[in-house]
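Student: my questions concern the predicted model and sequence given below.
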Amino acid sequence: MCGIVGYIGAEEAAPVLLNGLKRLEYRGYDSAGIAVLGKTGLQVRKAKGILKNLEDKITPEINSALLTGAMGIGHTRWATHGGPSDVNSHPQTDVSGKIAVVHNGIIENYGKLKRQLEGRGAEFRSETDTEVIAHLIDCYYKGDLVQALIEALKRMEGSYALGIIHEDEPDRIIAVRKESPLIIGVGKGENLIASDVPAILEYTREVYYLDDREIAAVYRDRVEFYDAEGQGREKELAHVSWDAAAAEKGGYEHFMLKEIYEQPKALTDTLRARIKTYAVKSINLEEIGFDETWAEARRVVITACGTAWHAGVIGKYAFEHFARIPADAEIASEYRYRNPVFNPKDIFIIISQSGETADTLAAMRMARKSGARIIAISNAVGSTLAREADLVMYTWAGPEIAVASTKAFTTQLMCVYLIALQFGALRGLIKAEELARYIHELEQLGSHTKRILASREAVQRFAALQFNKTKVFFMGRLFDYAVSLESALKLKEVSYTHSEAFAAGELKHGPIALVDSATLVIAICTQTALFDKMESNIKEVKARGAATAVITFEDTAYFDDTADTIFRIPRTADCLSPILSIIPCQLYAYYCSVQRGLDPDKPRNLAKSVTVE
Ligand code: AGP
């Protein structure tokens with residue numbers, strides 16, 4: 001995830017900025033940069049890759065006093081728009097090179113703004129959405145950066161945390177945020193801005209937390225706050241008591257929990273820029289550029305590994321459901337050694353959070369040779385998968401640090417649903433109004449996940465009672481079966497509990513022989529037409545002594561008399577429920593791990609990215 005730091009005070013800014021950026025390295029990034037304002041004007045230095053590259057570039061300049069100035073802004077970038085490169089790194093500047101901007105978030109209408117600004121003569125050097133902001137502010141600049149920013153913000157859609165400096169205003173840094181965190185650290189004769197607490201802890205523990213759309217003008221000796229209309233406002237200073245380790249995790253005990261909690265935002269980020277709102281809402285997948293030729297496709301084949309494969313299984317059901325096209329979900333490590341039958345009219349969807357999984361890449365390369373179209377879904381801009389696939393759709397989840405995948409999974413689902421829905425519309429199977437209804441449901445998922453997370457204590461209490469179970473089975477039908485697969489994997493990975501997933505209808509074909517009083521069965525029940533079938537399955541395992549829990553919609557009492565424990569999730573379309581029903585299961589796995597005294601972020605024997613066979 002990108003990181004922001006800014007400094008204004010009496011010290012040389014460059015070393016302070018570098019130091020702050022180092023404290024944000026744990027968040028993951030692919031390039032870094034700083035802008036310093038001093039006697040020689042605004043100076044920008046950027047470097048692709050690790051922070052050391054930037055440090056090596058600027059240290060000689062710092063030592064020989066060529067890069068001086070007591071104010072500046074810095075950034076570590078995790079690429080979203082445009083791959084990792086020097087030119088795409090932040091700070092981005094306007095045409096005159098007087099305005100420098102660092103940005104976390106996504107400007108959703110940047111394409112439109114860019115075309116308008118180019119029409120007015122702006123020349124763009126990078127592929128980033130951030131450069132648009134610098135040019136836009138320049139358009140409105142008449143000697144007051146705050147006023148120019150207020151006007152520019154009126155035209156920007158999306159999420160942002162921004163640090164901005166202007167060569168003609170050497171006494172202040174301007175900061176603003178919307179849906180992306182930003183704080184102001186208050187020191188003695190110096191002030192800082194940062195996206196995260198660790199960047200400022202060495203300098204101060206007194207902070208202002210910026211509210212959404214609030215603007216701060218940060219001077220060396222004071223901070224002024226304005227609302228979105230430019231009206232001044234007062235704010236209260238807060239004290240940070242976290243130690244450095246807690247600060248890195250945003251106050252959460254582990255990255256896994258932090259990332260589970262980041263899902264509402266990650267889902268919204270992944271969805272929002274891909275929705276067009278005119279008379280009725282529709283899906284706009286510019287990155288894929290669907291046209292009529294796609295309707296000729298005969299089959300969709302999804303390949304991936306682990307959690308990404310589970311997203312693929314849900315994708316298979318989604319393609320059948322929305323687009324009525326044959327679809328397969330293939331485990332990449334198997335697929336690459338089979339002798340599969342290809343057809344140039346197949347569409348391959350390759351899913352990989354890291355974009356570097358060896359088996360997944362091998363399956364992709366095989367599919368390529370067949371002449372089929374390849375769409376990659378990845379969380380890593382510039383990864384091997386992203387570079388080699390014909391088309392890439394990014395999950396804008398931000399870097400996932402915990403080994404167990406959580407927010408990458410739900411954002412992969414969001415991408416898969418969008419492609420399947422768009423495909424259904426293209427094949428004339430989903431009419432505009434129906435599509436708009438599904439989009440509405442997708443838009444609700446961010447707030448629905450927030451509500452589920454708000455009741456996490458129920459899952460925590462349940463885990464405290466059940467964490468010692470030696471056998472945990474997840475079961476469900478259709479989409480719920482796929483969620484069961486992912487839930488069992490999560491529990492295995494982080495708590496080392498023997499857990500398995502079963503298609504509930506398969507129980508009596510064998511697995512029920514394993515069920516006894518030492519078993520916990522978690523039934524995922526969101527396929528409304530199959531509630532009675534699931535009820536029978538729950539009764540069958542109860543009769544053999546198993547403890548039972550059900551995850552179902554909050555507006556049904558269907559399982560109240562059957563299950564021992566019920567976790568409720570907000571109502572959504574049955575086919576979209578996996579994005580919600582997986583959340584209690586992620587939390588359950590996390591709390592079981594903690595109860596067992598394990599480190600959920602670093603499970604034994606596992607690596608985040610499996611780049612070898
Ligand atoms: C999930 O929690 C995993 N650690 C693992 O299954 C992972 O999803 C798999 O290795 C695929 O990784 P990728 O998405 O980076 O390709």
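Tutor: It's in.

Student: low pLDDT regions in the protein?
Tutor: 1, 613 (pLDDT under 70).

Student: backbone phi and psi for the most far-flung residue of the chain relative to its centre, please?
Tutor: For the chain, the largest distance from the centre (C-alpha atoms, centre = their mean) belongs to residue 543, which lies 41.9 Å off. Here is the backbone geometry of residue 543 (degrees, to the nearest 10): phi -60, psi -20.

Student: who touches stretch 56-65?
Tutor: 12, 14-15, 18, 34, 45, 47, 66-67 (C-beta atoms under 8 Å, 6 or more residues apart in numbering). C-beta coordinates here come from the backbone N, C-alpha and C atoms, glycine included.

Student: farthest pair within those?
Tutor: Greatest spatial distance among the contacts of stretch 56-65 (C-beta to C-beta): 12 and 47, at 19.0 Å.

Student: what separation do you get for residue 310 and the ligand?
Tutor: Distance from residue 310 to the ligand, counting by C-beta to the nearest ligand atom, to the nearest Å: 8 Å.

Student: which residue sits closest to that residue, ignoring its sequence neighbours?
Tutor: Spatial nearest neighbour of residue 310, excluding adjacent residues (C-beta to C-beta, 6 or more residues apart in numbering): residue 486 at 4.0 Å.

Student: circling back to that earlier point, pick out whichever of the contacts of stretch 56-65 sits closest to the ligand.
Tutor: residue 47 (25.8 Å; C-beta to the nearest ligand atom).

Student: report the secondary structure state of that closest one.
Tutor: strand (DSSP: H, G, I helix; E, B strand; the rest coil).

Student: can you pull up the bridge partners for it?
Tutor: Under the criterion DSSP bridges, residue 47 forms beta bridges with residue 32.

Student: got the phi/psi numbers for the closest residue in space to residue 226 that isn't next to it in sequence?
Tutor: Distances taken as C-beta to C-beta, 6+ apart put residue 215 closest to residue 226, at 4.5 Å, once the chain neighbours are dropped. According to degrees, to the nearest 10, the main-chain angles of residue 215 amount to phi -110, psi 140.

Student: equivalent analysis for residue 564, please.
Tutor: phi -70, psi -40.

Student: can you pull the contacts of it?
Tutor: So residue 564 contacts 542, 547-549 (C-beta under 8 Å, 6+ apart).

Student: how close does it sit to the ligand?
Tutor: 28 Å.

Student: could you do residue 389 as well?
Tutor: Residue 389 is 13 Å from the ligand, by C-beta to the nearest ligand atom.

Student: what strand or helix carries the residue nearest to that residue when sequence neighbours are not counted?
Tutor: In space, and not counting its chain neighbours, residue 389 is closest to residue 376: 3.5 Å by C-beta to C-beta, 6+ apart. Counting by DSSP states H and E, the element that carries residue 376 is strand 373-378.

Student: list the buried residues for that strand?
Tutor: Using 16 or more other C-beta atoms under 10 Å as the test for burial, strand 373-378 gives 373-378.

Student: who touches the residue of the stretch 401-550 of the chain found nearest the ligand in this structure?
Tutor: Proximity of the stretch 401-550 of the chain to the ligand (C-beta to the nearest ligand atom) peaks at residue 405, 3.7 Å away. Contact analysis of residue 405 by C-beta under 8 Å, 6+ apart lists 306-308, 353.

Student: residues from this structure in reach of the ligand?
Tutor: Within the chain, the positions adjacent to the ligand are 305-308, 352-354, 357, 360, 403-405, 493, 606, 609-610 by C-beta under 6 Å from any ligand atom.

Student: and which of those residues is nearest to residue 333?
Tutor: Set against residue 333, the nearest of these by C-beta to C-beta is residue 305 (6.2 Å).
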